[in-house]
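Asker: Next input, structure requested:
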Amino acid sequence: MKRAAALVSLGLIVLILTGLIFMKWCGNPAGNGKDCIFTVERGWGVRQIAEALSDSGLVRSPVYFLWRYSQAHDSPSLQAGIYHLTDCMSPDSILRILATGDVIPVETSWVTLAPALTLERSLDVLADSLGFSRTLLDSLAWDSSFLLSLNLLTLEGYFFPETYEFADSLMAEQVLRRIVETGISRWPADRAELLESSGLSVHETIILASIVEREAKVDSERAVISGIFLSRMRRGMKLESCATVQYAIGEVREVLLYRDLEIDSPYNTYRITGLPPGPICSPGESSISAAFRPDTISGYLYFVSMEDGSGRHLFANTHAGHLANIRSLPDR
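Answerer: From the prediction side, this is the model:
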C-alpha cells in the first residue's frame, strides 16, 4: 500500500516537473534571431493570431500564447497591423507589442472601384493606381488555384465597388482577395432563405445583380427591375437586356443596332433564354440587395427608359402596355 502511494506521489512529481519544464520551454523565444514581418488582419481573434504566430515560427505553442493572454490584465485587445518581430522575442514580449499596436509605419494608396466596371476596367484601375503590372493581375485573375481558394469560378462580378486603402507593401494577390472578400461580407446574412425563395444559386444571383447594375439607374427601381428579370425567367421569356449585348460586343453603345441584337454570344439575352453564363460587371451593394430580394409582387414584365435624364423607367405588366409606354415617350 505504501509502495503504491509512493509510486503515485512520484508520478505526480514527475508530471508536475514535466509540466513546469514544458511551460518554461514554451515561454522562451522560439528561435535565434530570425526577422519576420507579421501581419494581424482586421477581424482576427486571439486564437487565429496565436495560430499564425506559431505557423510563422514566432512562438512555440499557440496554447501557451493563449494562456498568457488570458493571464494579462483586462485581456487587452490585440491591434491589427503590420509588425516587425523576431523569433528571439518571448511570447510575453510579442503579446505586449501586439497589445500596444507598435506597428510598422506604412505608406498607403487609395483606390476607388466604381460600380458597373467590368473586370478588365477594374484591373486597369488597380494597375494604374497601385503599380502592379497588367500581366501579373491577369495571371492572378484567371489562375484556377487562386479562384479555387476564393471558391469562385471567375472574378467578374465579384470585384466589389468601394473606395479602398491599401498598404503599399501588399502583394497583388492580397489586394484582389481583399476586394472579393469585402463584397462577400456585404451579402445578406439571411441569403440562404432568400436564395430558397428566388430559386437561384449565389452565382446566378450575382449574375442577376450585375445586369440590374447596368440596367437600373435609380436605387428605388433596382428591386423592381430585378423582379422583372426573375419573372421573365420563370415564364421562359428571354431577358432581352441591352446591357448583356453591350458586354457581348465589348463596348457600351448609346444605341444598339438590330444587327447587334443578332450577335452569336452566350451573353446575348435577345437570343438565349435565361441568364448569361457569368456576370457582366461589378454590381454595387444596392444591386446585390435587389438581386437577393427581387420585387415580383407588382407582376411587371417590361420596362423602358423615360429618356428624360432622370434615369427612371416606365413599367408594364403586358406587352401592349409596354408598347403604349414606348409611344408615350418624347420623339416616339
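
Asker: any idea of the pLDDT on L7?
Answerer: Note for L7: predicted pLDDT of 54.

Asker: and if you look at R332?
Answerer: On the pLDDT scale, R332 is placed at 60.

Asker: And the helices in the protein, which stretches?
Answerer: Listed from the start of the chain, the chain has helices (DSSP state H) covering 2-27, 46-55, 62-71, 91-100, 119-130, 134-141, 144-149, 172-185, 191-198, 202-215, 219-234, 242-249, 285-292, 319-328.

Asker: how about the ones you listed in TSV, adding distance to G274 and mean neighbour count?
Answerer: Bear in mind the C-beta positions are built from the backbone N, C-alpha and C, glycine included. Supplementary listing: the helices of the chain in TSV, determined by distance: least, C-beta to C-beta, whole Å; neighbours: other C-beta atoms under 10 Å:
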stretch	distance to G274	mean neighbour count
helix 2-27	59	10
helix 46-55	41	18
helix 62-71	49	17
helix 91-100	51	18
helix 119-130	22	17
helix 134-141	26	16
helix 144-149	23	11
helix 172-185	24	17
helix 191-198	14	14
helix 202-215	9	24
helix 219-234	6	21
helix 242-249	11	20
helix 285-292	15	24
helix 319-328	20	13
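
Asker: which residues touch P161?
Answerer: By C-beta atoms under 8 Å, 6 or more residues apart in numbering, P161 lies in contact with 113-117, 282-284.

Asker: Out of those, which comes closest to I263?
Answerer: Sorting these by how near they are to I263, with C-beta to C-beta, puts A116 at the top with 20.6 Å.

Asker: how near is the spatially closest residue to N28 that is not a sequence neighbour to S61?
Answerer: In this structure, N28 finds its nearest non-sequential neighbour in S90, 6.6 Å apart by C-beta to C-beta, 6 or more residues apart in numbering. Plainly put, S90 is 12 Å away from S61 if you go by C-beta to C-beta, to the nearest Å.

Asker: Over to S122?
Answerer: When C-beta to C-beta is applied, the distance between S122 and S61 equals 43 Å.

Asker: ok so, going back, pick out whichever of S90 and S61 has more residues nearby.
Answerer: Using other C-beta atoms under 10 Å as the criterion, S90 and S61 rank with S61 on top: 19 against 15.

Asker: Once you drop chain neighbours, what's closest to that one?
Answerer: Taking C-beta to C-beta, 6+ apart as the measure, S61 lies nearest to C26, with 4.4 Å between them; neighbours along the chain are not counted.

Asker: need the contact list for the one you found.
Answerer: Here C26 is in contact with 59-61, 64, 91 (criterion: C-beta under 8 Å, 6+ apart).

Asker: wait, C36 sits on S56?
Answerer: Yes. Here C36 reaches S56: they are 5.6 Å apart, a contact under C-beta atoms under 8 Å.

Asker: Near the closest residue to L152 other than its chain neighbours, how many other residues are there?
Answerer: Counting by C-beta to C-beta, 6+ apart, L152 lies nearest to Y158, which is 5.9 Å off, once chain neighbours are set aside. The number of residues packed near Y158 is 24, by other C-beta under 10 Å.

Asker: Alright, I will stop here.
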